[in-house]
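Engineer: How does the following fold in three dimensions:
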Amino acid sequence: MEGLIVSNILLWCLLIALAFAVMGLVRQIGVLHARLAPAGALMMDKGVSVNEAAPRVTAADRNGRPVNFGYAGEKGQLLFFLSPTCPICKSLLPAIKAIAKEQADRLDVVYVSDGDMDAQQALIREHKLEDVTYVVGPEVGMTYQIGKLPYAALIDKGGVLRAKGLVNSREHLDSLFETEHLGSATLQQYLHNHAHSHSAHQ
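Structural biologist: Numbers count the residues shown, from 1 in each chain. Modelled structure (predicted):
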């Protein structure tokens, strides 16, 4: 009987110790989470710099109508570079369509691709992109020096390139608008500068 009581006390002690250990781990995860800021869209150091005039180019959309890129206008532009053979590009299409709808009053979303027209048409049908501005051809990608996909570039209505980068998730897409709002080239750069200014004030 006495042994049973002792073993019960030991079990309770062990349980309490485990609870404290778990609480400690949870706290550490919270600290790590706070330190690991969102990555944001990864900007490749190619082409025109952010916060400078966007390259100007005119290319025909899939219906032969001219589309101007980088020119000042009534709205800004979000260029989404994609390919029918890119699974991540396809997974982002619902997010791109949502952004186009949410920001229709200030932003024109332009889909830019290259390659086989039959594959493009299949992608357009599958994802119901018949009514979007969809450009097929190498001109825009070459002008903006796009090497990897999916890629996005955000141009304001004054024709200034506000943000650009590889976008592998909705978070990356959102980070383009965040960097536009913050006025930094990338979210990483803003956080880096912010950390430096914070440490300088200490």
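Engineer: how much space is there between the most centrally placed residue in the chain and residue 152?
Structural biologist: Centroid-nearest residue in the chain, with C-alpha atoms, centre = their mean: residue 172, separated by 2.0 Å. Residue 172 sits 8 Å away from residue 152, going by C-beta to C-beta, to the nearest Å. For every residue, glycine as well, the C-beta is placed using N, CA and C.
Engineer: Residue 121 too?
Structural biologist: Computed as C-beta to C-beta, the residue 121 to residue 152 distance reads 23 Å.
Engineer: Could you check which of the two is surrounded by more residues?
Structural biologist: A count of neighbours by other C-beta atoms under 10 Å puts residue 152 above the other of residue 121 and residue 152, at 26 against 16.
Engineer: for the more buried one, what are its contacts?
Structural biologist: By C-beta atoms under 8 Å, 6 or more residues apart in numbering, the contact list for residue 152 reads 41, 78-81, 164-165, 167, 172-173, 176.
Engineer: among those residues, who's most crowded?
Structural biologist: Of the contacts of residue 152, with other C-beta under 10 Å as the count, residue 164 tops at 29 neighbours.
Engineer: Look at that one and report its pLDDT.
Structural biologist: Predicted confidence (pLDDT) at residue 164: the value is 93.
Engineer: now it, which residues is it bridged with?
Structural biologist: Beta-bridge partners recorded for residue 164 (DSSP bridges): residue 153.
Engineer: May I see the contacts of residue 152 organised as JSON lines, with secondary structure and distance to residue 114 added?
Structural biologist: Compiled in JSON lines, the contacts of residue 152 are given as follows (DSSP: H, G, I helix; E, B strand; the rest coil; distance: C-beta to C-beta, whole Å):
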{"residue": "41", "secondary structure": "coil", "distance to residue 114": "21"}
{"residue": "78", "secondary structure": "strand", "distance to residue 114": "18"}
{"residue": "79", "secondary structure": "strand", "distance to residue 114": "13"}
{"residue": "80", "secondary structure": "strand", "distance to residue 114": "13"}
{"residue": "81", "secondary structure": "strand", "distance to residue 114": "9"}
{"residue": "164", "secondary structure": "strand", "distance to residue 114": "18"}
{"residue": "165", "secondary structure": "strand", "distance to residue 114": "19"}
{"residue": "167", "secondary structure": "coil", "distance to residue 114": "17"}
{"residue": "172", "secondary structure": "helix", "distance to residue 114": "21"}
{"residue": "173", "secondary structure": "helix", "distance to residue 114": "21"}
{"residue": "176", "secondary structure": "helix", "distance to residue 114": "22"}
